[in-house]
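> just coords:
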(Lines give C-alpha, C1' and ligand atoms only; values in the text may rest on other atoms or scores of the structure.)
Protein backbone atom coordinates (compact mmCIF):
# COMPACT_ATOMS: atom_id res chain seq x y z
CA UNK A 1 0.00 0.00 0.00
CA UNK A 2 1.01 3.65 -0.36
CA UNK A 3 1.31 4.25 3.36
CA UNK A 4 3.66 1.27 3.80
CA UNK A 5 5.83 2.43 0.91
CA UNK A 6 5.92 5.92 2.42
CA UNK A 7 6.90 4.55 5.84
CA UNK A 8 9.58 2.40 4.25
CA UNK A 9 10.97 5.39 2.35
CA UNK A 10 10.99 7.50 5.52
CA UNK A 11 12.80 4.75 7.43
CA UNK A 12 15.31 4.35 4.60
CA UNK A 13 15.98 8.10 4.53
CA UNK A 14 16.36 8.11 8.32
CA UNK A 15 18.95 5.32 8.36
CA UNK A 16 20.81 6.81 5.41
CA UNK A 17 21.02 10.10 7.36
CA UNK A 18 22.09 8.37 10.58
CA UNK A 19 24.90 6.46 8.88
CA UNK A 20 26.17 9.61 7.16
CA UNK A 21 25.92 12.05 10.05
CA UNK A 22 25.96 10.18 13.32
CA UNK A 23 28.70 8.34 15.17
CA UNK A 24 30.95 5.99 13.29
CA UNK A 25 29.86 2.41 13.09
CA UNK A 26 31.85 -0.35 14.75
CA UNK A 27 33.01 -1.45 11.30
CA UNK A 28 34.38 2.02 10.52
CA UNK A 29 36.18 2.14 13.85
CA UNK A 30 37.68 -1.32 13.28
CA UNK A 31 38.79 -0.40 9.74
CA UNK A 32 40.47 2.80 10.93
CA UNK A 33 42.23 0.87 13.68
CA UNK A 34 43.50 -1.72 11.18
CA UNK A 35 44.66 0.99 8.78
CA UNK A 36 46.55 2.69 11.61
CA UNK A 37 48.22 -0.57 12.65
CA UNK A 38 49.20 -1.35 9.05
CA UNK A 39 50.75 2.11 8.73
CA UNK A 40 52.72 1.56 11.96
CA UNK A 41 53.98 -1.81 10.69
CA UNK A 42 54.97 -0.29 7.35
CA UNK A 43 56.95 2.40 9.17
CA UNK A 44 58.65 -0.21 11.37
CA UNK A 45 59.68 -2.28 8.36
CA UNK A 46 61.07 0.83 6.68
CA UNK A 47 63.07 1.65 9.82
CA UNK A 48 64.41 -1.91 9.99
CA UNK A 49 65.38 -1.71 6.32
CA UNK A 50 67.17 1.59 6.91
CA UNK A 51 69.10 0.20 9.87
CA UNK A 52 70.14 -2.87 7.87
CA UNK A 53 71.32 -0.71 4.97
CA UNK A 54 73.39 1.46 7.32
CA UNK A 55 74.84 -1.67 8.95
CA UNK A 56 75.74 -3.13 5.54
CA UNK A 57 77.45 0.08 4.49
CA UNK A 58 79.62 0.01 7.61
CA UNK A 59 80.48 -3.68 7.32
CA UNK A 60 81.24 -3.50 3.58
CA UNK A 61 83.89 -0.82 4.04
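Done, it's in. Note that the structure is a prediction, hence the values are computed from the model and not measured.

> switch to C-alpha atoms for all contacts and neighbour counts from now on
OK.

> Return the distance of residue 59 relative to residue 46.
20 Å (Cα to Cα, to the nearest Å).

> if you count what's nearby, which of those two comes out ahead?
Taking neighbours as other Cα atoms under 10 Å, residue 59 and residue 46 compare with residue 46 leading, 12 against 8.

> Which of the helices or strands spans that one?
According to DSSP states H and E, residue 46 maps onto helix 26-60.

> ok now that helix, how far from the chain's centre?
Chain-centre distance of helix 26-60: 17 Å, with Cα atoms, centre = their mean, to the nearest Å.

> which secondary structure elements does that helix contact?
Applying 3 or more Cα pairs under 8 Å, 6 or more residues apart in numbering; DSSP states H and E, one finds that helix 26-60 contacts no other helix or strand.

> I'd like the numbering to begin with 59 instead of 1 from here.
All right, first residue 59 from here; so that's helix 84-118.

> could you give the mean pLDDT of it?
On average, the pLDDT along helix 84-118 is 85.

> From residue 82, how far out is the most centrally placed residue in the chain?
The residue lying closest to the centre of the chain (Cα atoms, centre = their mean) is residue 90, at 2.9 Å. Counting by Cα to Cα, the separation of residue 90 from residue 82 is 10 Å.

> Check residue 74 too.
When distance is defined by Cα to Cα, residue 74 is 13 Å away from residue 82.
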